[in-house]
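Asker: With the input below, show me the fold.
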Amino acid sequence: MKALEVRNLSYRYPDGRAALRDVSLELEAGERLGLIGPNGAGKSTLLLHLNGLLPERLDSPSPIHVFGRPVEKAHLSGVRAQVGLLFQDPDDQLFCPTVGEDVAFGPRQLGLTGSALTARVAAALEQVGLAGFEERLPHRLSHGEKHRVCLAGLLACEARVLALDEPTSSLDPRGRRELKALLQRLPMAQIIATHDLELVVEICPRVLVLDQGALVAAGPTCDILNDEALMLAHGLERPHILQHHHPHPSSVRS
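Answerer: Purely as a prediction, here's the structure:
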């Protein structure tokens, strides 16, 4: 069963502008998929649809299915537990006084309490390399640490799909390396919207190109990103990493 299936998804902003035009995609369980395109292409808008944050009113039948379940009002709590959305700015996602409370927020909404909740939080923080951070204050963390706390919150809900919006933006080189290694270790399906094309080459075997709300190309990452005419036509550049060599398959698959 596919982790995600999107069939002919269209969406207009409240002012009437088309944000998504007939977009279809599939994501396999355990797959990492890159989503690239210029600013304003609709990448973030697409991610917000995957767990029902958009549209404001959920129509039936839905064009989106998560592990076979339609993203409709009747299934919304289950879908949101399964599809974890990582916002571009972690400060938009962190709102509790301590790291432990922030990571516990999602699973607590799902009914987890007591020692089971404590253990879930500890395990999620350990998974992202922040073991023992429960009492730390989110506003005192580095940008990279904040990103990892947000990821821990999604893992604590046992999300089976991660929708990541510009996960490496504002990270320094060490933070980027740590996040890349973490994403490679995580076993769940991931769809990664990003301008970091080298990250896509390094960890995503397959990529989609979105422009003006439409899906304009899809295929193996190195084939798509090596197509200089295609990249330039859609406001992108062939990444530096591909100008010297083709990565060995082991570097794009874990």
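
Asker: host element of A163?
Answerer: A163 belongs to strand 161-165 when assigned by DSSP states H and E.

Asker: Show me what that strand is packed up against.
Answerer: Secondary-structure packing of strand 161-165 (3 or more CB pairs under 8 Å, 6 or more residues apart in numbering; DSSP states H and E): helix 43-50, strand 83-86, strand 189-193. Where C-beta positions appear, they are placed from N, C-alpha and C, glycine not excepted.

Asker: Tabulate those (a markdown table), appending mean pLDDT, mean neighbour count and distance to I224.
Answerer: Output for the helices and strands packed on strand 161-165, formatted as a markdown table (pLDDT from 0 to 100; neighbours: other CB atoms under 10 Å; distance: least, CB to CB, whole Å):
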| stretch | mean pLDDT | mean neighbour count | distance to I224 |
| --- | --- | --- | --- |
| helix 43-50 | 97 | 23 | 15 |
| strand 83-86 | 96 | 24 | 23 |
| strand 189-193 | 98 | 25 | 14 |
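
Asker: coming back round to it: what are the buried residues along the helix or strand immediately after the strand holding A163 in the chain?
Answerer: Next along the chain after strand 161-165, taking DSSP H and E as the criterion, comes helix 173-185. For helix 173-185, a neighbour-count test (16 or more other CB atoms under 10 Å) marks G175, R176, E178, L179, K180, L182, L183 as buried.

Asker: export the helices and strands packed on strand 161-165 to TSV and tack on distance to R17?
Answerer: What follows is the helices and strands packed on strand 161-165, written out as TSV (distance: least, CB to CB, whole Å):
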stretch	distance to R17
helix 43-50	11
strand 83-86	23
strand 189-193	19
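
Asker: can you tell which of the ones you listed is closest to S170?
Answerer: Closest approach to S170 among the helices and strands packed on strand 161-165 (CB to CB): strand 83-86, 13.2 Å.

Asker: The closest one pairs with which strands, and in what direction?
Answerer: strand 161-165 (parallel) (DSSP bridges).

Asker: ok, residues contacting the partner strand?
Answerer: Strand 161-165 is contacted from outside by 3-4, 27, 43-44, 47, 50-51, 66, 82-88, 151, 154, 183, 186, 188-194, using CB atoms under 8 Å, 6 or more residues apart in numbering.

Asker: Now with 6 Å, please.
Answerer: By CB atoms under 6 Å, 6 or more residues apart in numbering, the residues outside strand 161-165 that reach it are 3, 44, 47, 50, 83-88, 188-193.

Asker: Closest one to P97 out of those residues, please.
Answerer: Among the contacts of strand 161-165, and counting by CB to CB, the member closest to P97 is F87, at 19.5 Å.

Asker: Now the phi/psi pair for D196, please.
Answerer: Here is the backbone geometry of D196 (degrees, to the nearest 10): phi -80, psi 80.

Asker: Check I241 and give its pLDDT.
Answerer: On pLDDT, I241 comes in at 89.

Asker: these two touch, right, it and E202?
Answerer: No - using CB atoms under 6 Å, I241 is not in contact with E202; the gap is 7.4 Å.

Asker: Helices along the protein, start to end?
Answerer: Along the chain, counting by DSSP state H, helices occupy 43-50, 76-82, 99-109, 114-127, 143-156, 173-185, 197-203, 221-225, 228-233.

Asker: Compile these into CSV and extend it with columns for distance to G16.
Answerer: Formatted as CSV, the helices of the chain follow (distance: least, CB to CB, whole Å):
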stretch, distance to G16
helix 43-50, 14
helix 76-82, 26
helix 99-109, 35
helix 114-127, 41
helix 143-156, 33
helix 173-185, 37
helix 197-203, 32
helix 221-225, 31
helix 228-233, 26
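
Asker: which of the ones you listed is buried the deepest?
Answerer: Comparing the helices of the chain by mean neighbour count (mean count of other CB atoms under 10 Å), helix 143-156 comes out on top with a mean of 24.
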